[in-house]
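> Here is my input, please return the structure:
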Amino acid sequence: MSFPLPLQTHLRDVTPLVYGCMALGGDWNGGPVTETDIAHAHAAVEAALDIGVTLFDHADIYRRGKAEAVFGELLKRDPGLRARMRLQSKCGIRFADDANVGRFDFSADHIERSVDGILQRLGITHLDILLLHRPDALMEPAEVARAFGRLKAAGKVGHLGVSNMHAAQMRWLQTALDEPLVANQLELSLAKLDFIDAGTTFNDPQAATRPGAAAWAGTLEYAQQHGVQLQAWGSLAQGRFNEPAASGAAKVVHEIAETHRTTANAVLLAWLLRHPAGIQPVIGSGSAERIRACGDATRIQLSREEWYRLYVTARGQALP
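Next up, the predicted model:
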């Protein structure tokens, strides 16, 4: 299964929300998949499908492979599921072991072996999208391009994207690729505002108080100019806004949720969806109830005033 090209033109229209599968597969001990793991994953996947999610995001390291393995068991037990979804996974992170430190690895050998493992665990022959998980300091774009070319020619991978890369890294990698990068998955949320501050504090003294914003310079603009689909991991801000009393920003989130007769989580996702970069929030909850509660996000249209009220309150400092 593959998307009509160019993929990045259609991806957000097909599925405004993404389900992140890191919570599936039980603990991180690398043990066998259990029936409890399968039942939990089944409930989460069905909840995601119920709210219109069609893109499911994995990584080879999630639960040390168990997230993909339990998902593969679901596909095996219900083969019809595959036709209802697109599958995306990531590779490039290697955990520490007895012989080596934890590291990142975009070597051709590691990418190709990783994809074979992903396909085996998921029980599929074709992965719709492969993302490179964390920037490898030793990355050689031509080597990545050769690996992707072989995977593409073998029918193992449809499209290539990245995760946690800034504009310059995407531009450098793209020089060696014959096809456009289709996605970049980044930490974006109301609690992680550097991607917005990079623009709003440019050429202003506030830039000195927000040093993290500088690394984002040009990243959103590059993605929009070149059709790279931005995906937001950590979109629900790890529950930071769950309780109205937690902060002034949390109070505003809940006030706006009441206005729209929805949940706080839906407001957090709607805030990301409102941005013109066309951000796809990734829902990482393992709770079927919470997943379904996120469905309202696609039906909410925040006003400019609501969007800025959330942003300015969460940043804790008035705009210049």
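> Roughly how far does residue 150 sit from residue 112?
Residue 150 sits 7 Å away from residue 112, going by C-beta to C-beta, to the nearest Å. To be clear about C-beta, it is placed using only N, CA and C from the backbone, and glycine gets the same treatment.
> These two - which one has more neighbours?
residue 112 (19 against 15; other C-beta atoms under 10 Å).
> what sits against the residue lying closest to residue 43 once chain neighbours are set aside?
Excluding the flanking residues, the one nearest residue 43 by C-beta to C-beta, 6 or more residues apart in numbering is residue 288, at 4.3 Å. Each residue near residue 288 by C-beta atoms under 8 Å, 6 or more residues apart in numbering is listed here: 43-44, 46-47.
> pretty sure residue 18 is touching residue 58, no?
No - counting by C-beta atoms under 8 Å, residue 18 does not reach residue 58; the two are 10.9 Å apart.
> intersection of neighbour lists for those two?
With C-beta under 8 Å, 6+ apart as the test, residue 18 and residue 58 both reach residue 88.
> ok, for residue 302, nearest residue in space, not its chain neighbours?
residue 274 (4.8 Å).
> Return the alpha-carbon coordinates of stretch 298-308 using CSV.
What follows is stretch 298-308, C-alpha atoms only, in CSV (Å, rounded to 0.1, in the frame of the first residue of the first chain):
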residue,chain,number,x,y,z
THR,A,298,-10.9,18.1,14.7
ARG,A,299,-14.3,19.7,15.2
ILE,A,300,-13.0,22.7,17.1
GLN,A,301,-11.9,25.9,15.4
LEU,A,302,-10.2,28.1,17.8
SER,A,303,-10.4,31.8,17.1
ARG,A,304,-7.2,33.9,16.7
GLU,A,305,-7.9,35.4,20.1
GLU,A,306,-8.3,32.0,21.8
TRP,A,307,-5.1,30.7,20.1
TYR,A,308,-3.1,33.7,21.2
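> mind listing what's buried in that stretch?
Using 16 or more other C-beta atoms under 10 Å as the burial criterion, the residues of stretch 298-308 that qualify are 298, 300, 302, 306-307.
> nearest to residue 172, of those residues?
Minimum distance to residue 172 across the buried residues of stretch 298-308 is 32.5 Å, recorded for residue 307 (C-beta to C-beta).
> Would you mind measuring from that closest one to residue 282?
20 Å.
> Also residue 244?
Distance, residue 244 to residue 282, by C-beta to C-beta: 25 Å.
> check contacts around the residue nearest to residue 302.
Taking C-beta under 8 Å, 6+ apart, we find residue 274 in contact with 301-302, 307.
> before we move on, what about residue 61?
90, 93, 95, 133.
> Confirm that the first one sits in a strand.
It stands for residue 90. Yes - applying DSSP: H, G, I helix; E, B strand; the rest coil, one finds residue 90 inside a strand.
> Verify the contact between it and residue 133 for me.
Yes - at 4.1 Å, residue 90 counts as touching residue 133 under the criterion of C-beta under 8 Å.
> anything in contact with each of those two?
59, 61, 163.
> For residue 184, state which of those is nearest.
Among these, residue 163 lies closest to residue 184 (C-beta to C-beta), at 6.7 Å.
> Strands along the protein, start to end?
Applying DSSP state E to the chain gives strands spanning 18-20, 55-57, 86-91, 93-94, 103-104, 127-132, 157-163, 183-187, 229-233, 280-283.
> right, and those strands - which one's nearest residue 32?
Closest of those to residue 32 is strand 86-91, at 20.4 Å (criterion: C-beta to C-beta).
> Tell me the helices and strands packed up against the closest one.
Applying 3 or more C-beta pairs under 8 Å, 6 or more residues apart in numbering; DSSP states H and E, one finds that strand 86-91 contacts strand 55-57, helix 108-122, strand 127-132.
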